[in-house]
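Colleague: would you be able to build a 3D model of this:
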Amino acid sequence: MSAAIDLAAGVSGSLGSIGYGLAAIGPGIGVGIIFGNGTQALARQPEAAGLIRANQILGFAFCEALALIGIVMPFVFGR
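Modeller: Presented below is the predicted three-dimensional model:
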């Protein structure tokens with residue numbers, strides 16, 4: 001039991017890094033989906049390139065905002 005407590009105490013300094021790593025998984029997947037589907041949409045309808053690209057940039061901005069929130073939260077709730 002004491003070894004587990006010592007291990008947890010050693011990890012507590014880097015919990016913010018671990019939390020951000022986990023928080024970055026979602027936006028990373030989201031960005032991949034956005035640009036993958038955008039590329040498919042551009043291949044299917046090249047005449048709608050302007051609208052598709054605008055929607056891609058908007059979706060990318062929202063995903064990156066989630067990543068930035070994930071990096072700020074350990075600082076906000078840190079001790």
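Colleague: how much space separates the most centrally placed residue in the chain from residue 69?
Modeller: In the chain, the residue lying closest to the centroid (C-alpha atoms, centre = their mean) is residue 27, at 2.6 Å. Distance, residue 27 to residue 69, using C-beta to C-beta, to the nearest Å: 9 Å. The C-beta positions use only the backbone N, C-alpha and C, and glycine is treated the same way.
Colleague: residues contacting residue 58?
Modeller: Residue 58 sits next to no residue when contact means C-beta atoms under 8 Å, 6 or more residues apart in numbering.
Colleague: which helix or strand contains it?
Modeller: Assigning secondary structure by DSSP states H and E places residue 58 in helix 49-77.
Colleague: what of residue 35?
Modeller: Judged by DSSP H and E, residue 35 forms part of helix 25-44.
Colleague: quick one: average confidence on that helix?
Modeller: In this model, helix 25-44 carries a mean pLDDT of 93.
Colleague: which residues touch that helix?
Modeller: 48-49, 52-53, 55-56, 59-60, 63-64, 66-67, 70.
Colleague: before we move on, the earlier item: separation between the residue nearest to the centre of the chain and residue 51?
Modeller: Taking C-beta to C-beta, one finds residue 27 at 23 Å from residue 51.
Colleague: that older thread, in TSV: the contacts of helix 25-44, plus distance to residue 40, neighbour count and pLDDT.
Modeller: Shown next, in TSV, are the contacts of helix 25-44 (distance: C-beta to C-beta, whole Å; neighbours: other C-beta atoms under 10 Å; pLDDT from 0 to 100):
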residue	distance to residue 40	neighbour count	pLDDT
48	12	12	95
49	13	12	95
52	10	19	95
53	13	13	95
55	13	15	94
56	11	18	95
59	14	17	92
60	16	16	94
63	18	18	90
64	21	13	89
66	23	14	86
67	24	18	84
70	28	18	80
